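A.B. asks: any chance you could fold what I've pasted below:
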Amino acid sequence: MLGGKHKDEITVDVSERVWALLGQAVHTILERAGLRQEGMVVEERLYADVDGWQVSGQVDSMHLEMQKLSDYKVSTVWKKNGSDSWTRQLNVLRWLAHKNGHTINTLEVIGIFRDWRKSEALRDPSYPQSAIQTIHVPVWSLEDAEDYVRERVAIHQAASKGIDIQCTDEERWMSPSKFALMKDGGKRAVRVADSAEDLGEPLDGYTIIERKGEAKRCSMYCDVAPFCTQWAAEKP
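C.D. replies: The predicted structure is shown next:
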């Protein structure tokens, strides 16, 4: 809602869109390949009406005979096991596919790791063994998926009426605050804990310092942060 309200005021450094550009290029190439295969639905936008609003989502590819939906992600190795946001996205797409007459029972992300290193793969067997990896995504029931969609629509409808909706810590990529036991004059922590109580009473020559948690998405990756009252009240 903030993006729509302030669309003429938002400024973006185009150099920070390099990875988005790479992702679009990958999708374009894979779309061409998918269009040559029978039984494949590629880059199709699906629609459904929910409580007076239209919800849409675009699938990267669906193999109708295998009842499988695949989504391509240009990402980092640390997401090798997937993420909750990917699970939510793909289950909403599966729900939309169902609303449009397609049966999908398997969800997967085709991860393309932009920071993959062969040397790490040779050294560490738990590291992805290639720069491309299939990541299986948990499948929700269609009822749970619809409940989630309706919940999100209700939140957006409330925001459209001017109700101030606060972002969650998960949405803001919030890292928790930590407490560090520091030796006076030292630069590195002797111990780090979740609370000051866990460190106990510091001895002479030592001090406990709070390391404030950070909403990393707000501080570095949100285009509408300059217009957000939640961020304005919390930013350093």
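A.B. asks: ok, the most centrally placed residue in the chain to D71 distance?
C.D. replies: By Cα atoms, centre = their mean, the chain has its centre lying nearest to S85, at 4.6 Å. Between S85 and D71 the distance is 12 Å, computed by Cβ to Cβ, to the nearest Å. Yep, even glycine has a C-beta here, placed from its N, CA and C like the rest.
A.B. asks: which parts of this structure are strands?
C.D. replies: Assigned by DSSP state E, the strands in the chain fall at 40-50, 53-63, 68-75, 106-113, 132-137, 174-175, 178-183, 189-193, 206-211, 214-215.
A.B. asks: how about those strands in TSV, adding distance to K161 and mean neighbour count?
C.D. replies: Compiled in TSV, the strands of the chain are given as follows (distance: least, Cβ to Cβ, whole Å; neighbours: other Cβ atoms under 10 Å):
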stretch	distance to K161	mean neighbour count
strand 40-50	17	15
strand 53-63	13	17
strand 68-75	32	20
strand 106-113	34	20
strand 132-137	33	15
strand 174-175	27	15
strand 178-183	39	17
strand 189-193	43	14
strand 206-211	38	14
strand 214-215	25	20
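A.B. asks: want to throw those into a markdown table with distance to C222 and mean pLDDT?
C.D. replies: Shown next, in a markdown table, are these (distance: least, Cβ to Cβ, whole Å; pLDDT from 0 to 100):
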| stretch | distance to C222 | mean pLDDT |
| --- | --- | --- |
| strand 40-50 | 25 | 93 |
| strand 53-63 | 22 | 94 |
| strand 68-75 | 19 | 94 |
| strand 106-113 | 24 | 95 |
| strand 132-137 | 25 | 96 |
| strand 174-175 | 13 | 90 |
| strand 178-183 | 23 | 89 |
| strand 189-193 | 27 | 88 |
| strand 206-211 | 22 | 87 |
| strand 214-215 | 9 | 90 |
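A.B. asks: among the ones you listed, which comes closest to R150?
C.D. replies: strand 40-50 (6.1 Å; Cβ to Cβ).
A.B. asks: and that closest one, what does it pack against?
C.D. replies: helix 18-34, strand 53-63, helix 84-99, helix 142-160 (3 or more Cβ pairs under 8 Å, 6 or more residues apart in numbering; DSSP states H and E).
A.B. asks: what are the pairing partners of that strand, and which direction each?
C.D. replies: strand 53-63 (antiparallel) (DSSP bridges).
A.B. asks: and the angle for the partner strand with strand 68-75?
C.D. replies: Inter-element angle recorded for strand 53-63 and strand 68-75: 100 degrees (by axes from the mean of the first three to the mean of the last three Cα atoms, to 10 degrees).
A.B. asks: restrict strand 53-63 to CA atoms and write it as PDB.
C.D. replies: Extracted in PDB, the C-alpha atoms of strand 53-63 (Å, rounded to 0.1, in the frame of the first residue of the first chain):
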ATOM      1  CA  TRP A  53     -10.700  -9.000  -4.500                       C
ATOM      2  CA  GLN A  54      -8.800 -10.700  -7.300                       C
ATOM      3  CA  VAL A  55      -5.800 -12.700  -6.300                       C
ATOM      4  CA  SER A  56      -3.300 -13.600  -9.000                       C
ATOM      5  CA  GLY A  57       0.000 -15.500  -9.200                       C
ATOM      6  CA  GLN A  58       2.300 -16.500 -12.000                       C
ATOM      7  CA  VAL A  59       3.700 -20.000 -12.200                       C
ATOM      8  CA  ASP A  60       7.100 -20.600 -13.700                       C
ATOM      9  CA  SER A  61       6.200 -24.100 -14.900                       C
ATOM     10  CA  MET A  62       3.600 -26.900 -14.300                       C
ATOM     11  CA  HIS A  63       4.000 -30.400 -15.600                       C
END
